[in-house]
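Student: pasting the sequence and the predicted model now:
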Amino acid sequence: MSIESADPGHGNSPAAWTAVIIMLVAVTIGTFAFWFDLAWLVWASAALLVVGLIVGWVLSRAGYGVNGSKYAAKVH
């Protein structure tokens, strides 16, 4: 009996990696800004977090997502 699963790829694509890296940088900056009581930088990092989300979506739409035309899955 063969069970096939529709593996979504777990987000292992250039679009996902780029978005996650941008968002991790934003959270790191925001954490330190909050710690040093720099409200303007906290809000700027929140904006960068949204930018990371948008960049990931745009790259996914451009074909760099899991099922995109410009993405070739690596066989492990």
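Tutor: Here it is on my side, so go on. Numbering: from 1, shown residues only.
Student: quick one: the helices in the chain?
Tutor: Here the chain has its helices, by DSSP state H, at 14-35, 39-59.
Student: would you turn those into TSV with mean neighbour count, distance to G65 and mean pLDDT?
Tutor: In this view, the C-beta of every residue, glycine as well, is placed from N, C-alpha and C. Formatted as TSV, those follow (neighbours: other C-beta atoms under 10 Å; distance: least, C-beta to C-beta, whole Å; pLDDT from 0 to 100):
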stretch	mean neighbour count	distance to G65	mean pLDDT
helix 14-35	16	5	97
helix 39-59	15	7	97
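Student: can you read off the backbone torsions of the residue nearest to G63 when sequence neighbours are not counted?
Tutor: Distances taken as C-beta to C-beta, 6 or more residues apart in numbering place K70 nearest to G63, at 3.8 Å, with adjacent residues excluded. In terms of degrees, to the nearest 10, the main-chain angles of K70 are phi -100, psi 10.
Student: got the contact list for K70?
Tutor: Residues in contact with K70 (C-beta atoms under 8 Å, 6 or more residues apart in numbering) are 62-64.
Student: so which residue is dead centre in the protein?
Tutor: The centre of the chain sits closest to A19, judged by C-alpha atoms, centre = their mean, with a distance of 2.2 Å.
Student: how far away is it from W57?
Tutor: 8 Å (C-beta to C-beta, to the nearest Å).
Student: for the residue nearest to G63, report the pLDDT, please.
Tutor: With respect to pLDDT, K70 has a value of 81.
Student: gap between it and L49?
Tutor: In terms of C-beta to C-beta, K70 sits 25 Å off from L49.
Student: and the gap between L48 and A39?
Tutor: On the measure of C-beta to C-beta, L48 and A39 end up 15 Å apart.
Student: list phi and psi for the nearest residue to S13 once chain neighbours are set aside.
Tutor: Using C-beta to C-beta, 6+ apart and skipping the chain neighbours, the partner closest in space to S13 is V66 (4.8 Å). V66 has phi and psi values of phi -60, psi -40 when expressed as degrees, to the nearest 10.
Student: what's the neighbour count on V66?
Tutor: 17 (other C-beta atoms under 10 Å).
Student: measure it to W57 for me?
Tutor: Taken as C-beta to C-beta, the span from V66 to W57 is 13 Å.
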